[in-house]
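Visitor: please work out how this folds:
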Amino acid sequence: MSLQLEQDAKVPIQTHIDEFSSRFAIMIFLWIVVTIFWITNIDVVLEKIILALDPCVDQCTNLYNPAKWSEIRWLSAALLGFVSISPLLVYQIYVFSRPGMMNREAKWLLAWLIMGSITFIINIAMTIFIFMPYLFEIGHSNQIKLGFEAKYDVVAMLTMAMAVIWVEVLILSGVIALVTAGLSGLMHQGNSRWWRLRVHGIISMLILLSFYGQVTFSLTIIGLSFASIELISMPWIKARASMLITCPVIFDEFGVTRKVLFAQCECDNDYTLPRDYDTDNAYISFKSICNNKNEKEKLYQIIETNNFTDFVIFGCSSTNLIEQIENNLFTSKCKLRTDLFSLNSKSFSGLEHYSINSRFLMDSIIDPWNSTQAISKLLSRIRKYKKFKFVICHDNYNIDMMEIENDEVIIKIPKDKVEYFSSGLDEIGCKYRLVES
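Guide: Here you go, the predicted structure:
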C-alpha cells in the first residue's frame, strides 16, 4: 500500500497501464526509426572507431567472422539510436512518473536520468577513443616484444569494447543513483541499507544475465561493482538524515516502542509557538499543513525518517485535515492523534500564556505513557509554575470555547484520576478549580 498524494490521479490502474503502454510503444517506434537511419550510415562510424582502436601504425585489423560483423553493425546502430532518443526518453519517463512522486523523489529521478544520460554518452566516447585504444596499445607492445605478428579481429575488438562499456554503465548508474539520492536527501544512514540492497541487487542480476555461463568472470565483475559503488557513495551512505528529530523512545503498556511527534499548524493562530519550542518530546511547526501539499509531503518524510508511531496535531482550523492525512499516516504505520486538536491560541491572552498551556496539555496526554507517569510529569512541572491557578478538566473535555484567565493553566486528567491529582496539588500548595464535563 502506497501513499495517496494530492496530485495523484484517482483513476483505475488500467488507465496507468494504458498510458505506460502508449508511451512505451511511441519510444520503441522512434527507436526503430532512428536505428534504421543509423544502420544506413553505420559503416562510416565503425570505420572511424576501428581506426581509433587499431594499435598498429599500419593497419593490422581484419574481419574473420562476416556473420558476426552483421550482428555488430545492428547492435551499434541500435546503441546510437538509443543515444539519439535519450533526451525524449528521459522526458517520457519523468512525465509518466512525476504525478506519483514527492518533490524530493521527483528531483532525484530527474537528476538520475539527466546525469545518467550525460555520463552514458561521455563514457562511450571516452572508452572507445581513450581507454580501449590505450589498453590495445599496451597489449600490442607486449605481443611485438614476444615476436608475434599482429593480426586483430575487428569483431573481437568491438565486442570487447561493448562489454567494457556495458559494465561501466552499470557501475556508473549505481553510483549516480546513490549519490543523487544522498544529495536530494532521500538516502541517509537510516535507510541506506534499503537503497544499497536494491541497487546492488539489480546490477548484480544484470551482470549475471549479461555474462551467462562465465561464473568466475561474473563474480569478479560483481565484486568490482560492489566495491566501486560502496567506496564512491560512502559519504552519503554514512550521512545523517536532514529531517532527523531527536525523540525519546517510550515503551507502552504492551512493551511496544512508541515515538510521539507533536506538531503545530500556524494556519489560523493569533500566537504561534517558536520553531525551537522547548519540550520533552519531538516537536515541529508547520506554516499551513492543511493547505500546503509540500508541507504534507514534508510530514510524511519526517515520519518515515524518524519512524514516528504517533502524530499529535494542534492549532489547525481546518476540518478536512484529518481526512486528508489519516490514510497516509496509517500507511506509514503512524497513528493520527486528535487529543489536542481543539487547542488554539485564540483561547489565550498572549504567546507566553499559550506556550505554557501548550506544554501542560502535551504533558497531560496519557497514551503511550500510563496515567501515573503522566501525573508525575505534570506535578513535577507544576512545581515550577506555582504562581498560576490550574484548571482541571476531564481528558475528553473540549477546551476550544473555554474562557481562560491570564493566570490560569488548563490540565486534562482522566476522570478516575482527578481526585488523586487534586491531592498532589494540595500537597504542593497550588490553587486550582475543577471543571465538570
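Visitor: which stretches in the stretch 151-300 of the chain count as strands?
Guide: Remark: strands assigned in the stretch 151-300 of the chain by DSSP state E, counting those that start in this stretch are 152-153, 250-251, 257-258, 260-265, 282-286.
Visitor: next SSE downstream of the helix or strand where Trp112 lies?
Guide: Assigned by DSSP states H and E, Trp112 belongs to helix 103-126. The first helix or strand that comes after helix 103-126 along the chain, using DSSP H and E, is helix 132-145.
Visitor: just to revisit the earlier point, other residues contacting the helix holding Trp112?
Guide: With contacts defined as Cβ atoms under 8 Å, 6 or more residues apart in numbering, helix 103-126 is touched by 79, 83, 86-87, 90, 93-94, 97-98, 101, 165, 168-169, 172-173, 176-177, 180-181, 183-186, 294, 297, 301. Heads up, the C-betas are built off the backbone N, CA and C, glycines and all.
Visitor: again with stretch 39-56
Guide: 38, 59-61, 72-74, 76-77, 80, 128-129, 132-133, 136-137, 139-141, 150, 152, 154, 157-158, 161.
Visitor: for the chain, identify the residue most remote from the centre.
Guide: Farthest-out residue of the chain from its mean C-alpha position, per Cα atoms, centre = their mean: Gly147, at 58.1 Å.
Visitor: remind me, longest helix of the chain?
Guide: Secondary structure of the chain per DSSP state H: the longest helix is helix 66-97.
Visitor: ok, and for it, which residues are buried?
Guide: Using 16 or more other Cβ atoms under 10 Å as the test for burial, helix 66-97 gives 68, 72-73, 76-86, 89-90, 92-93.
Visitor: can you give me the helices for this structure?
Guide: Going by DSSP H, the chain shows helices at 13-39, 42-53, 66-97, 103-126, 132-145, 154-183, 192-210, 215-237, 293-306, 321-331, 351-364, 371-382, 418-428.
Visitor: and these as a markdown table, adding distance to Glu408 and mean pLDDT?
Guide: What follows is the helices of the chain, written out as a markdown table (distance: least, Cβ to Cβ, whole Å; pLDDT from 0 to 100):
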| stretch | distance to Glu408 | mean pLDDT |
| --- | --- | --- |
| helix 13-39 | 55 | 92 |
| helix 42-53 | 84 | 90 |
| helix 66-97 | 54 | 92 |
| helix 103-126 | 43 | 92 |
| helix 132-145 | 81 | 86 |
| helix 154-183 | 50 | 92 |
| helix 192-210 | 49 | 93 |
| helix 215-237 | 51 | 93 |
| helix 293-306 | 32 | 88 |
| helix 321-331 | 28 | 81 |
| helix 351-364 | 8 | 85 |
| helix 371-382 | 13 | 84 |
| helix 418-428 | 14 | 84 |
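Visitor: of those helices, which approaches Cys247 most closely?
Guide: Cys247 lies closest to helix 293-306 among these, at 6.3 Å (Cβ to Cβ).
Visitor: how close does the spatially most central residue of the chain sit to Arg337?
Guide: Residue closest to the average C-alpha location in the chain (Cα atoms, centre = their mean): Leu186, at 3.2 Å. Separation of Leu186 from Arg337 (Cβ to Cβ, to the nearest Å): 27 Å.
Visitor: how about the nearest residue to Leu30, chain neighbours excluded?
Guide: Closest residue in space to Leu30, ignoring its immediate chain neighbours: Ile85 at 5.3 Å, by Cβ to Cβ, 6 or more residues apart in numbering.
Visitor: and for Ser97?
Guide: Leu109 (6.0 Å).
Visitor: Throw the helices of the chain into TSV and include distance to Leu434, thanks.
Guide: Output for the helices of the chain, formatted as TSV (distance: least, Cβ to Cβ, whole Å):
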stretch	distance to Leu434
helix 13-39	56
helix 42-53	89
helix 66-97	58
helix 103-126	49
helix 132-145	86
helix 154-183	55
helix 192-210	51
helix 215-237	56
helix 293-306	36
helix 321-331	30
helix 351-364	15
helix 371-382	15
helix 418-428	7
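Visitor: those: which one's closest to Phe251?
Guide: Here helix 371-382 is closest among those (Cβ to Cβ), at 10.6 Å.
Visitor: state the distance from Thr338 to Phe330.
Guide: For Thr338 relative to Phe330 (Cβ to Cβ), the value is 14 Å.
Visitor: thinking again about what came up before, the residue nearest to Leu30 contacts Met27, correct?
Guide: Yes. Using Cβ atoms under 8 Å, Ile85 makes contact with Met27 at a distance of 6.8 Å.
Visitor: centre of the chain versus stretch 353-367, how much separation?
Guide: 33 Å (Cα atoms, centre = their mean, to the nearest Å).
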